[in-house]
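Enquirer: give me the fold of what follows.
(chains A, B and C)
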Amino acid sequence: MTGLAAEPTAMPVARVAVDVPLPHLDRLFDYLVPPPMAHDAVPGCRVRVRFAGRRVAGYLVERASASDHDGNLAPLDRVVSPEAVLTPEIAGLARAVADRYGGTLADVLRLAIPPRRAAAEAAETALAAKAARAPVPPGGAGTAAGDQWAEYRAGAAFLGALAEGRAPRAVWSALPGPQWPAQIAGAVAAAARSGRGAVVVVPDARDLNLVHTEIAAAIGAEAVVSLSAELGATERYRRWLAVLHGQVRVVAGTRSAMFAPVAGLGLVVLWDDGDDLHAEPRAPYPHARDVLLLRAHRCGAAVLVGGFAQTAECAQLLATGWARPLAAERRTVRRHAPLISTAEQDTALARDPAARMARMPRLALRTAREALAAGPVLFQVPRTGYLAAVACRRCGARRTCQTCGGPVAQAGRDEPLACRWCGSAAEGGCAEPGCGATGIRALATGARRTAEELSRAFPGVPVRTSAAAHVLAEVPGTPAVVIATPGAEPLTPDGYAAAVLLDGWALLGRASLQASQEALRRWMNAAALVRPGREGGRVVIHLDAAPAAVQALIRWDPALHASRELAERQHLRLPPAVRMAALTGDEEAIRELLAAAALPGGADVLGPVAGPAWHEPDGGAALPVEPVLFLVRVPLPEGTALAIALRSALAERTARKDSRPVRLRLDPAALI
DNA sequence: TCAATCCGTATC
DNA sequence: ATACGGATTGAC
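Expert: The predicted structure is shown next:
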């Protein structure tokens, strides 16, 4: 008990973070606590207050004995609930995240704290009262954790440090295969043994299931909770409250679980940090990697971040010595990895009717045919739909959308041509002057067409497709052709007998400087589902062996590729080697903003170029007719100063009611 | 001299 | 956003 309940009048002032979107109002406002509310108005609770004449929601951040505000204080309108949903740790973290990204506390809190569900709150509060009498013992049960890490050079040291309550930080190069969820569970169990909690963040629901199952097996099902957006709002809030109340101290979840209010946090885990699902699409667009590292740094927790592939960001953590590598010896890696070979498009396709029909290298087909005797074979296809890009049959010009310029595609065999970006129908023929022909030819095939072709190449073999809207979590271990887009690969009990990575050039050739790293990540994630080479596991990639990403795949050396990637980013002065702010919107407004902002020394303004350079998740309704993009680049230590300078310049704009659109985003991955 | 209106600015 | 204060305008 605090002295608050006993002496309510001692702290008559409530300092409130109001939930308004304007950056110049991003600070605490003082209110008087009416005596009847004194007991419920605890730090962290939700309140409603009168603010500029209307009622707004807010969080009571702290109680104080007096106010600095000269002028009358308004009373709190209402304490919505005495539940202290904003813990001091999350309040501090949210402030730091807002500062890092040039956003507002209110925006971050909207990401961090789920909307209230009164019913769930009532039920969970009653439960908490009961649990207080019989606290859940810290995770104990479970198998002898630790052996999952025996194959990693520093594995035992990492687990030992965790179990002793220390805070080791590791960049993890996971061995290919299905062991990684059990390894995460082993680390979580070690942290739990030291009496601490853990937060585990994975990209999607499939990975969450795997990890949750393993953690439950290691520390007991009652000691871990899974949080994801797929839960209903009520169930999500119920589980979140169980975490807040300290009934459960291990959370596994997708992106938004990074803010889960775990008591006594001792470990943060981030799996596959290169997956773009870890980038929050809502303002201020924080990335789970940044948030978790910041969080661990602030509360002295251990860090385990990694995956099969490695990002330039992780390479930088290693280069600066902030984290240590957690990897296996090369011979161990070789023992787990499938045998990987490359196959260029054969010139003599005509000699093999099946290869011609499936338009793929004979080596790929032969490998698949042989492997099908031993189990399922995975085909990774970078695109969904039937034809992902088409060209005019007569003049050869690529068909693009008449409305927005996006790529024209065909979703299914007999479906009409439509734009992949805006969805408008691509009626009529070729738009090239003087052409107008309606005939098309395929430029890039999608998963559905590949499925069609493969079922002809392998008559009698079941063909399953897993893509966008139809993701299969798992397929049986019996022979089958499994076609999947990157990230949608189903699991299979004993691993795939082989994988064929098609259209590698499509992944490598994307107009992003991250293309190489992202291609390698997708290939490794698929190849990791294949049996080890000594058990016959084979991977064929449809590319020549020259590109660095292909070399890294063949040698299963993600760390070398990531450190080269980092060196290149350093050379080009791109994140994570520098901090970059992207401003999109009205050109004049941005020029004025940049002139007014107190940019830190060494700031480097680039632009304008035509923007927006990435797709806005909200459809870009507020964008002007001709948006432009400016970039501001600063050395890493000036990152927060840059974000704060730009935010105050934005704040002055909104205070002046300048309505011209300007949007700020820090280190946008899509730009790199 | 006072009220109605406009504009700028703070919002506790 | 709304609300308030100070300045401005217009009529008596």
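
Enquirer: for A:Arg521, give its distance to DNA strand C.
Expert: With distances taken as C-beta to the nearest atom of the strand, to the nearest Å, A:Arg521 is found 44 Å from DNA strand C. (C-beta placed from N, C-alpha, C; glycine too.)

Enquirer: list of residues touching stretch A:555-564?
Expert: For stretch A:555-564, contacts defined as C-beta atoms under 8 Å, 6 or more residues apart in numbering pick out A:173, A:176, A:308-312, A:314-315, A:318-319, A:325, A:327, A:333-334, A:337, A:340, A:516-517, A:520, A:524, A:548-549, A:551-552.

Enquirer: repeat the analysis, applying 6 Å as the threshold.
Expert: When contacts are defined by C-beta atoms under 6 Å, 6 or more residues apart in numbering, stretch A:555-564 is touched by residues A:173, A:309-310, A:312, A:315, A:333, A:337, A:520, A:552.

Enquirer: list the buried residues for that stretch?
Expert: By neighbour count with 16 or more other C-beta atoms under 10 Å, stretch A:555-564 contains the buried residues A:556-559, A:561-564.

Enquirer: which of the residues you listed fall in helices?
Expert: With DSSP state H as the criterion, helices contain A:558-559, A:561-564 from among the buried residues of stretch A:555-564.

Enquirer: which stretches of the stretch 301-450 of chain A have low pLDDT?
Expert: Along the stretch 301-450 of chain A, the parts satisfying pLDDT under 70 run over A:345-359, A:404, A:443.

Enquirer: just the helices in it please.
Expert: Using DSSP state H, counting those that start in this stretch, the helices of the stretch 301-450 of chain A run over A:312-319, A:330-336, A:353-358, A:362-371, A:447-457.

Enquirer: try the stretch 551-672 of chain A
Expert: In the stretch 551-672 of chain A, the helices defined using DSSP H, counting those that start in this stretch lie at A:558-572, A:587-596, A:639-655.

Enquirer: output those as TSV; include the columns distance to DNA strand B and mean pLDDT.
Expert: Supplementary listing: the helices of the stretch 551-672 of chain A in TSV, determined by distance: least, C-beta to the nearest atom of the strand, whole Å; pLDDT from 0 to 100:
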stretch	distance to DNA strand B	mean pLDDT
helix A:558-572	40	95
helix A:587-596	14	91
helix A:639-655	6	92
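
Enquirer: those: which one's closest to DNA strand C?
Expert: Of all those, helix A:639-655 sits nearest to DNA strand C, with 7.4 Å by C-beta to the nearest atom of the strand.

Enquirer: just to revisit the earlier point, show me which of the buried residues of stretch A:555-564 is closest to A:Val13.
Expert: A:Ala562 (50.5 Å; C-beta to C-beta).

Enquirer: what residues does chain A put near DNA strand B?
Expert: Residues of chain A lying close to DNA strand B by C-beta under 7 Å from any atom of the strand are A:22, A:24-25, A:29-32, A:49-53, A:67, A:69, A:71-74, A:655-657.

Enquirer: of these, grab the buried ones for ChimeraX.
Expert: Paste this into ChimeraX to select the buried members of the residues of chain A next to DNA strand B, with burial taken from 16+ other C-beta under 10 Å:
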select /A:24,25,29,30,31,49,51,67
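
Enquirer: from the residues of chain A next to DNA strand B, which ones fall inside helices?
Expert: A:Ala655.

Enquirer: so which of the residues of chain A next to DNA strand B also contact DNA strand C?
Expert: The subset of the residues of chain A next to DNA strand B within reach of DNA strand C, by C-beta under 7 Å from any atom of the strand, is A:22, A:52-53, A:657.

Enquirer: ok so, going back, which of the helices of the stretch 301-450 of chain A has the highest mean neighbour count?
Expert: Ranked by mean neighbour count, the helices of the stretch 301-450 of chain A are led by helix A:312-319 with a mean of 23 (mean count of other C-beta atoms under 10 Å).

Enquirer: helices or strands up against that one?
Expert: Under the contact criterion of 3 or more C-beta pairs under 6 Å, 6 or more residues apart in numbering; DSSP states H and E, helix A:312-319 touches strand A:169-173, helix A:558-572.

Enquirer: shouldn't A:Arg538 be in contact with A:Arg369?
Expert: No: counting by C-beta atoms under 6 Å, A:Arg538 sits too far from A:Arg369 to count as a contact (11.3 Å).

Enquirer: now do the same contact list for A:Ala312.
Expert: Neighbouring residues of A:Ala312 by C-beta under 6 Å, 6+ apart: A:562, A:565-566, A:569, A:576.

Enquirer: residues near A:Ala373, how many?
Expert: Neighbours of A:Ala373 under the rule other C-beta atoms under 10 Å: 9.

Enquirer: how near is the closest residue to it other than its chain neighbours to A:Arg369?
Expert: Setting aside the residues directly before and after it, A:Ala373 is nearest to A:Pro479 in space (C-beta to C-beta, 6 or more residues apart in numbering), at 6.9 Å. Noted for A:Pro479: a distance of 10 Å to A:Arg369, by C-beta to C-beta, to the nearest Å.

Enquirer: now swap in A:Ala192 and tell me
Expert: For A:Ala192, the distance to A:Arg369 equals 48 Å [C-beta to C-beta].

Enquirer: what does A:Ala312 give?
Expert: As judged by C-beta to C-beta, A:Ala312 and A:Arg369 stand 38 Å apart.

Enquirer: try A:Arg289
Expert: For A:Arg289 relative to A:Arg369 (C-beta to C-beta), the value is 41 Å.

Enquirer: what of A:Leu472?
Expert: 22 Å.

Enquirer: same deal with A:Glu313?
Expert: 40 Å.

Enquirer: so which of the residues of chain A next to DNA strand B sit within strands?
Expert: A:29-32, A:49-51 (DSSP state E).

Enquirer: can you redo these as CSV with pLDDT and distance to A:Ala426?
Expert: Shown next, in CSV, are those (pLDDT from 0 to 100; distance: C-beta to C-beta, whole Å):
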residue, pLDDT, distance to A:Ala426
A:Phe29, 96, 53
A:Asp30, 96, 59
A:Tyr31, 96, 57
A:Leu32, 95, 63
A:Val49, 96, 53
A:Arg50, 94, 54
A:Phe51, 94, 50
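
Enquirer: show me the two of the residues you listed that sit farthest apart.
Expert: Within those, two members stand farthest from each other by C-beta to C-beta: A:Leu32 and A:Phe51, at 14.0 Å.

Enquirer: circling back to that earlier point, give me the pLDDT value at the residue nearest to A:Ala373.
Expert: Looking at A:Pro479, its pLDDT stands at 95.

Enquirer: touching, it and A:Ala371? I think so.
Expert: No: distance between A:Pro479 and A:Ala371: 8.5 Å, which falls outside the contact criterion (C-beta under 6 Å).

Enquirer: sorry, back to before: of the contacts of A:Ala312, which is the nearest to A:Ile184?
Expert: Checking the contacts of A:Ala312 against A:Ile184 with C-beta to C-beta, the nearest one is A:Ala562 at 20.2 Å.

Enquirer: which regions of the stretch 451-600 of chain A lie under the pLDDT threshold?
Expert: In the stretch 451-600 of chain A (pLDDT under 70), the answer is A:510-513.

Enquirer: quick one, strands of it?
Expert: With DSSP state E, counting those that start in this stretch, the ranges of strands along the stretch 451-600 of chain A come out as A:463-466, A:481-484, A:498-501, A:538-541, A:578-585.
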